[in-house]
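Student: Could you look at this predicted model? Sequence included:
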Amino acid sequence: MDRRSFLKKSALLTISGSLASCATNPVTGEQDLILLSEDEETELGRSSHKQIMKAYSPYINPPLKKYIVELGEKLAEISHRNDLIYHFTLLDSPQVNAFALPGGYIYITRGMLAYLKNEAELAGVLGHELGHITAKHGVKQYSKSQVANIFGTIFGIVIGDRNLANLGRLASTAILRGYGREAELEADRVGAEYIARVGYDPDALQNVIGVLKNQEEFDKVLAEEENRDPYAYHGVFSTHPDNDKRLQEVIRAAKENINEKKLDDNEEKYLKLIEGIPFGPGEGQGSARGSSFYHSDLDFTLKFPDGWKIENLPTAVLGTTPDREVLIELTMRDLNRKISAEELMSRLYGDDLQQGREINSSEYKGYAATVEMDTTFGNAHKCRVAILYKNKKEAFQFIATTKKGSDYFKNVLTFDDTIQSLRKLKANEKALGEPKRIRLHKVKKGETFKKLSKKTAFTTHAENRLRVINNKFPSGEPSMGSFVKLVY
């Protein structure tokens with residue numbers, strides 16, 4: 001037998017052994033196809049965690065982190081896999097998300113915290129994510145994908161690299177799509193059981209799903225206005241939880257095992273802990289206020305046309321018309337040569353710079369011109385490009401365009417006016433570049449969300465945005481004496 005034949009036979013024998021590997025599910029007691037030992041599972045989780053932390057940063061708030069870890073560990077102690085050491089990470093992300101990876105790694109974003117009302121709801125989220133780990137949803141997902149890969153590349157498999165083969169796919173699945181409809185329902189069942197066993201009302205989990213579903217429904221309205229696809233939290237059902245009979249059965253079953261020593265939902269304690277956390281972009285990322293954008297760390301402000309939507313992205317500021325057919329993008333770029341802005345633009349975009357003009361504001365000098373470049377709207381698309389030198393090492397770069405080529409020239413003046421509005425912050429504007437934050441407000445007699453919305457930093461749909469983050473969407477009103485979350 002030659003060496004190649006021997007390797008093929010060895011691979012097939014290894015695959016056959018792997019396919020026969022079944023293990024008892026700690027939650028269901030049934031036999032599941034599992035291709036990883038527990039040691040391999042924890043190693044997969046550790047490797048995945050490193051990838052996650054390259055994409056996200058932890059949110060630094062010691063009291064809040066301690067609170068989440070202690071609550072999570074209380075639930076983990078009564079879980080089906082209390083022999084694992086669980087790692088709870090609070091991520092500095094405005095995304096409304098929570099997810100779990102094999103081996104005991106659980107993540108929740110500060111964006112998710114903003115939508116929760118009390119400790120019991122936070123326990124519901126953590127219990128749900130614990131359910132994914134104890135029921136081995138990530139490991140089963142990995143095992144299924146491994147089987148598919150085995151049969152797809154049966155003779156090219158490298159046995160020693162299997163933990164790396166689907167690492168990115170596993171992590172992205174957990175973050176974006178969850179583990180599938182049935183797994184999500186099972187995680188809800190397990191999570192409801194866990195929070196009931198420690199003494200919380202399992203209705204809290206249904207409340208969480210409700211507020212997330214309301215957020216999804218509200219975003220559908222925004223998406224239609226903004227000509228984009230709506231966002232959706234990966235664990236939300238297709239129907240509202242008030243109408244989901246299977247979920248309601250899960251909650252009822254959990255209530256039968258609720259701890260005799262019931263725990264308070266600790267609403268006021270929870271709300272005071274999240275007061276002050278950023279809502280939307282975080283520290284050092286700037287802030288949109290009305291039609292202007294302010295950035296304290298980079299010391300600049302920019303005025304977009306009235307009525308435009310401002311998106312504060314990780315590496316850019318994007319201003320668009322409501323229908324997203326006209327846009328202006330601002331980014332920062334490093335400078336590498338001691339040349340003029342006009343010469344730099346010629347090097348970047350060629351010598352055919354049309355409608356070129358120097359920009360000589362009192363604070364920044366640069367050059368603007370019309371060029372043709374490939375964009376998401378098409379190839380050789382007309383764009384207004386400008387480079388303004390911030391200092392000797394950095395420059396502001398603008399790219400502005402229209403979806404329809406026929407609309408471009410009638411927007412050039414708008415583009416130039418926006419570019420020239422760039423200036424340094426005045427002393428009394430520094431605070432405007434700080435993040436919007438969650439603030440608590442005790443409701444007074446006669447106050448409605450419409451009245452309270454005037455106290456917020458929201459510029460559009462302020463009333464309904466308040467309803468969503470306070471779980472009163474679509475038409476609820478605050479009750480006198482209660483605490484509500486405002487944003488400013």
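Tutor: Yes, it's here.
Student: Just want the phi and psi numbers for residue 133.
Tutor: phi -80, psi -50 (degrees, to the nearest 10).
Student: Please give me every residue in contact with it.
Tutor: For residue 133, the contact set (CB atoms under 8 Å, 6 or more residues apart in numbering) comprises 81, 84, 86, 100, 101, 102, 103, 104, 105, 106. For every residue, glycine as well, the C-beta is placed using N, CA and C.
Student: Now do the residue lying closest to residue 192 once chain neighbours are set aside, the pLDDT please.
Tutor: In this structure, residue 192 finds its nearest non-sequential neighbour in residue 254, 3.7 Å apart by CB to CB, 6 or more residues apart in numbering. On pLDDT, residue 254 comes in at 96.
Student: number of nearby residues for residue 254?
Tutor: Other residues near residue 254 come to 25 when the count uses other CB atoms under 10 Å.
Student: What ranges does the stretch 251-400 of the chain have for its strands?
Tutor: 287-289, 292-295, 300-303, 309-313, 316-320, 326-334, 354-360, 365-375, 378-389, 394-402 (DSSP state E, counting those that start in this stretch).
Student: who's in contact with the nearest residue to residue 317 once chain neighbours are set aside?
Tutor: Counting by CB to CB, 6+ apart, residue 317 lies nearest to residue 330, which is 4.5 Å off, once chain neighbours are set aside. Residues in contact with residue 330 (CB under 8 Å, 6+ apart) are 293, 302, 316, 317, 318, 319, 396, 397, 398.
Student: Just to check, the third one is in contact with residue 327?
Tutor: Read it as residue 316. No - assessed by CB atoms under 8 Å, residue 316 is found out of contact with residue 327, at 10.6 Å.
Student: quick one on the thing from earlier: how about the contacts made by the residue nearest to residue 192?
Tutor: If you count contacts by CB under 8 Å, 6+ apart, then residue 254 has 189, 192, 193, 195, 196, 202 around it.
Student: how close does it get to residue 128?
Tutor: Counting by CB to CB, to the nearest Å, the gap from residue 254 to residue 128 is 12 Å.
Student: Roughly how far does the residue nearest to residue 317 sit from residue 400?
Tutor: Distance from residue 330 to residue 400, by CB to CB: 9 Å.
Student: Then residue 179?
Tutor: Taking CB to CB, one finds residue 179 at 42 Å from residue 400.
Student: Also residue 353?
Tutor: Counting by CB to CB, the gap from residue 353 to residue 400 is 15 Å.
Student: try residue 135
Tutor: For residue 135 relative to residue 400 (CB to CB), the value is 50 Å.
Student: Spatially, what comes nearest to residue 471 if we skip its sequence neighbours?
Tutor: residue 211 (4.4 Å).
Student: Measure how far the helix or strand harbouring residue 72 is from the centre of its chain, please.
Tutor: Per DSSP states H and E, residue 72 falls inside helix 62-77. Distance of helix 62-77 from the chain centroid (CA atoms, centre = their mean, to the nearest Å) equals 21 Å.
Student: Which strands or helices does it pack on?
Tutor: Helices and strands touching helix 62-77, by 3 or more CB pairs under 8 Å, 6 or more residues apart in numbering; DSSP states H and E, are strand 87-91, helix 119-134, helix 181-198, helix 267-274.
Student: Quick check: which of those is nearest to residue 391?
Tutor: Ranking the helices and strands packed on helix 62-77 by their distance to residue 391 (criterion: CB to CB) puts strand 87-91 first, at 32.5 Å.
Student: If you count neighbours, what's buried in the closest one?
Tutor: 87, 88, 89, 90, 91 (16 or more other CB atoms under 10 Å).
Student: what would these look like in a markdown table with distance to residue 215 and pLDDT?
Tutor: Listed next are the buried residues of strand 87-91 as a markdown table, based on distance: CB to CB, whole Å; pLDDT from 0 to 100:
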| residue | distance to residue 215 | pLDDT |
| --- | --- | --- |
| 87 | 27 | 98 |
| 88 | 23 | 98 |
| 89 | 22 | 98 |
| 90 | 19 | 98 |
| 91 | 18 | 97 |
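Student: need those residues in CSV with distance to residue 376, can you?
Tutor: Formatted as CSV, those follow (distance: CB to CB, whole Å):
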residue, distance to residue 376
87, 38
88, 38
89, 33
90, 34
91, 28
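Student: Tell me the one of those residues nearest residue 378?
Tutor: residue 91 (36.3 Å).
Student: Comparing residue 316 and residue 327, which residue is more hemmed in?
Tutor: Neighbour count, other CB under 10 Å: between residue 316 and residue 327, residue 327 has more, with 23 against 13.
Student: Hmm, residue 318 and that one touching each other?
Tutor: Yes - with contact defined as CB under 8 Å, residue 327 reaches residue 318; the gap is 6.3 Å.
Student: Quick one: distance of the longest helix along the chain to the chain centre.
Tutor: Longest helix of the chain, by residue count under DSSP state H: helix 203-226. Taking the mean of its C-alpha atoms, helix 203-226 sits 15 Å from the chain's own mean (CA atoms, centre = their mean).
Student: buried sites along it?
Tutor: Buried residues in helix 203-226 (16+ other CB under 10 Å): 203-216, 218-219, 222, 226.
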